[in-house]
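K.L.:
Sequence first, predicted coordinates after that:
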Amino acid sequence: MVTIGYIRVSTDKQEEKSQKYIITEWIGQHQIEIDKWLMDTVSGSVPWEKRSLKGAIDLLGEGDQIIVSEVSRIARSTIGVLTFLQACTEKKIKVVAIRTGITLDNSMSSKILVTVMAMAAEIERDLIRERTKGALAARKAKGLPVGRHHGSKNKNKKLDPHKDRIKELIGFGVSLAAIARIFQVSRQTVCNYIEEEGLMVGKENGNGTAAAPEVRN
């Protein structure tokens, strides 16, 4: 079993010491040793897929574990935390968020937790959609342009802000299904988007991972 201690800080070294102390104290109580420490100096708004956590999940397997001081070290949003936990669940990686009191393993309580978080994430998405509708309605009331310019070919407007990130994920060989989960859209939407934008040439392997993708600028 491989155990990784994960720390995320902005710039405050004191915060780093605090997180490391919490993790060190917990593993001492449970007679566990940290095999590797990972630390990101980055804002929590940066998706976990663009931090060292992504590389950790790729390397770890069944029975391994990731320990954090609290769940906010993973992501700031419920959606972000949920996608991380789902990725760990798929590989049967245990996650412990000490101060938050979360332990994700194969237990029934863990399954209930993920289900509840999925519901919370859906509520969060609904609130975001409502705020977006409200903003669009306000723009329309002021006579400002709403929506895509006439004649635009790309109908998947939701993915436009993430174009560079999608290119990066494709380059890493991430499956289209996984990309769809990350951005909370259907797999077909992702397929349509990469086709319209010319982001990838080639078909997927049998396991759903992009085979020898060619990313175009």
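P.N.:
Yes, it's here.

K.L.:
Report the next helix or strand after the helix or strand of the chain with the lowest mean pLDDT in sequence order.
P.N.:
Ranked by mean pLDDT, DSSP states H and E, the weakest helix or strand in the chain is helix 108-141, scoring a mean of 69. Reading on from helix 108-141 to the C-terminus, the next helix or strand found by DSSP states H and E is helix 163-171.

K.L.:
quick one: buried residues of that following helix?
P.N.:
Neighbour-count burial for helix 163-171, counted by 16 or more other CB atoms under 10 Å, picks out 165-167, 169-170. Heads up, the C-betas are built off the backbone N, CA and C, glycines and all.

K.L.:
Can you work out which other helices and strands pack against it?
P.N.:
helix 176-182, helix 187-197 (3 or more CB pairs under 8 Å, 6 or more residues apart in numbering; DSSP states H and E).

K.L.:
pLDDT weak spots in the chain?
P.N.:
Along the chain, segments meeting pLDDT under 70 span 12-14, 108-111, 114, 117-129, 144-156, 200-217.

K.L.:
returning to what we had before: packed most tightly, which of the helices and strands packed on helix 163-171 would that be?
P.N.:
Of all the helices and strands packed on helix 163-171, helix 176-182 has the most neighbours on average by mean count of other CB atoms under 10 Å, namely a mean of 19.

K.L.:
I would like the residues contacting that one, please.
P.N.:
Helix 176-182 has contacts (CB atoms under 8 Å, 6 or more residues apart in numbering) with 47, 49, 83, 86-87, 166, 169-170, 186-187, 189-191, 194, 204, 208, 210.

K.L.:
Hmm, residue 5 is touching residue 26, no?
P.N.:
No: applying CB atoms under 8 Å, one finds residue 5 not in contact with residue 26, separated by 9.5 Å.

K.L.:
Quick check: neighbours shared by these two?
P.N.:
residue 67.

K.L.:
Between these two, tell me which one has more neighbours.
P.N.:
residue 5 (25 against 16; other CB atoms under 10 Å).

K.L.:
give me the element the more buried one is part of.
P.N.:
strand 3-9.

K.L.:
Check which element follows that strand along the chain.
P.N.:
Next element after strand 3-9 (DSSP H and E): helix 13-29.

K.L.:
CA atoms only for that next one - export them in PDB, please.
P.N.:
C-alpha atoms of helix 13-29 as PDB (Å, rounded to 0.1, in the frame of the first residue of the first chain):
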ATOM      1  CA  LYS A  13       4.500  28.700   4.500                       C
ATOM      2  CA  GLN A  14       2.700  28.700   7.900                       C
ATOM      3  CA  GLU A  15      -0.300  27.100   6.300                       C
ATOM      4  CA  GLU A  16       2.000  24.400   4.900                       C
ATOM      5  CA  LYS A  17       3.300  23.600   8.300                       C
ATOM      6  CA  SER A  18      -0.200  23.500   9.700                       C
ATOM      7  CA  GLN A  19      -1.500  21.000   7.100                       C
ATOM      8  CA  LYS A  20       1.600  18.800   7.500                       C
ATOM      9  CA  TYR A  21       1.200  18.800  11.300                       C
ATOM     10  CA  ILE A  22      -2.400  17.700  11.000                       C
ATOM     11  CA  ILE A  23      -1.500  14.900   8.600                       C
ATOM     12  CA  THR A  24       1.600  13.800  10.600                       C
ATOM     13  CA  GLU A  25      -0.400  13.700  13.900                       C
ATOM     14  CA  TRP A  26      -3.100  11.600  12.300                       C
ATOM     15  CA  ILE A  27      -0.800   9.000  10.700                       C
ATOM     16  CA  GLY A  28       1.000   8.700  14.000                       C
ATOM     17  CA  GLN A  29      -2.200   7.800  15.700                       C
END
